[in-house]
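>>> What would the 3D arrangement of this be:
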Amino acid sequence: MTTLPQSTEKKLGLAIDLDTCVGCHACVISCKEWNTSNYGAPLSDMDAYGKDPVGTFLNRVHTFEVKQEDKPAQVTHFPKSCLHCEDAPCVTVCPTGASYKRVEDGIVLVNESDCIGCGLCAWSCPYGAREMDAAEGVMKKCTLCVDRIYNENIPEEDRVPSCVRTCPAGARHFGDFADPDSNVSILSAERGGMELMPEQGTKPVNRYLPPRPKTDIEQIDILAPLLARQPEETGGFLGWLDRTLEKL
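Residues are numbered from 1 along each chain as shown. Alright, predicted model coming up:
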């Protein structure tokens, strides 16, 4: 079995804004592309164009319709990936030590050369954040793009997880939750960032920023004047032709 570090120097993770996420799946596709092209073994797809396609994804987006009493139904898009828990059960159940948590930044990773594909980590994860790669026979999970965030050969603005860099709505934020002055810590404090399933006692690092009820959003139709059709006076032959055709 693998032991967890008593503490980590950083707590790198994601703050995900459920109020901003539009469910476009851009984060899913960029994650798949980056992790297939670079870190570790490729994320395989089985029978991709057949009757029963199966693929390995490190990030998925689930969509729910929530209906509260006396309030209109509200659609929420919920991205889900590894939460890099402080008390990660997927690490402690690993019989080979393939799953481990880094002391320097708190990222939970899998050493694929030591993974025997037993699946114990997947069974222990309450969030369903681990996936068995059918082609490689090893367990896969979000790495927070560890091969990207420390890569000094790419521009500094690109040294964030691929999903964060790609999100067109700016719904995903990356930073150090151990630093109270970091962007993610401030966002989480201001917006009431929530742990996912805190009753499990895993102490997930990632935070979800709750969506605002739609009834609390001011309905201001600022586009109405712009969309209203404005009469246009066209002179000459074209103007005469236009007026003539309108009468027909």
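>>> For stretch 102-112, measure first residue to last.
15 Å (Cα to Cα, to the nearest Å).
>>> Can you list the residue ranges for strands in the protein?
12-17, 45-46, 54-55, 60-66, 74-80, 99-101, 108-110, 131-133, 138-140, 172-176, 207-209 (DSSP state E).
>>> Any idea what the most centrally placed residue in the chain is bridged to?
Most central in the chain under Cα atoms, centre = their mean is residue 79, positioned 4.6 Å from the mean C-alpha point. With DSSP bridges applied, residue 79 shows beta-bridge pairing to residue 61.
>>> Now do the same contact list for it.
Applying Cβ atoms under 8 Å, 6 or more residues apart in numbering, we find residue 79 in contact with 16, 21, 27, 59, 60, 61, 62, 163, 171, 172. From N, CA and C alone the C-beta is placed, and that goes for glycine too.
>>> likewise residue 73?
Per Cβ under 8 Å, 6+ apart, neighbours of residue 73: 65, 66, 67.
>>> Give me the local confidence score for the second one.
Residue 66 is assigned a pLDDT of 82 by the prediction.
>>> Can you give me the distance of the nearest residue to it once chain neighbours are set aside to residue 212?
Using Cβ to Cβ, 6 or more residues apart in numbering and skipping the chain neighbours, the partner closest in space to residue 66 is residue 74 (5.1 Å). For residue 74, the distance to residue 212 (Cβ to Cβ, to the nearest Å) stands at 9 Å.
>>> on that earlier part again, want to throw the strands of the chain into TSV with distance to residue 194?
TSV is the format used below for those (distance: least, Cβ to Cβ, whole Å):
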stretch	distance to residue 194
strand 12-17	10
strand 45-46	33
strand 54-55	29
strand 60-66	15
strand 74-80	12
strand 99-101	22
strand 108-110	20
strand 131-133	24
strand 138-140	26
strand 172-176	14
strand 207-209	5
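>>> wait, doesn't residue 27 sit right on residue 165?
No - at 9.5 Å, residue 27 and residue 165 do not qualify as touching, with contact defined as Cβ atoms under 8 Å.
>>> Tell me which of those two has more neighbours.
Of the pair residue 27 and residue 165, residue 27 is the one with more neighbours under other Cβ atoms under 10 Å, namely 27 against 17.
>>> who touches that one in this structure?
59, 61, 79, 162, 163, 164, 166, 167, 172.
>>> Next: residue 191.
17, 209, 210.
>>> what about 10 Å?
15, 17, 18, 19, 207, 208, 209, 210, 212 (Cβ atoms under 10 Å, 6 or more residues apart in numbering).
>>> Quick one: buried ones out of those?
15, 17, 18, 207, 208, 209 (16 or more other Cβ atoms under 10 Å).
>>> For the second one, name its beta-bridge partners.
With DSSP bridges as the criterion, the beta-bridge partners of residue 17 are residue 209.
>>> which ones are touching it?
79, 167, 169-173, 187, 191, 193, 207-211.
>>> what comes up buried for stretch 10-26?
Going by neighbour count (16+ other Cβ under 10 Å), the buried part of stretch 10-26 is 10, 11, 12, 13, 14, 15, 16, 17, 18, 21, 25, 26.
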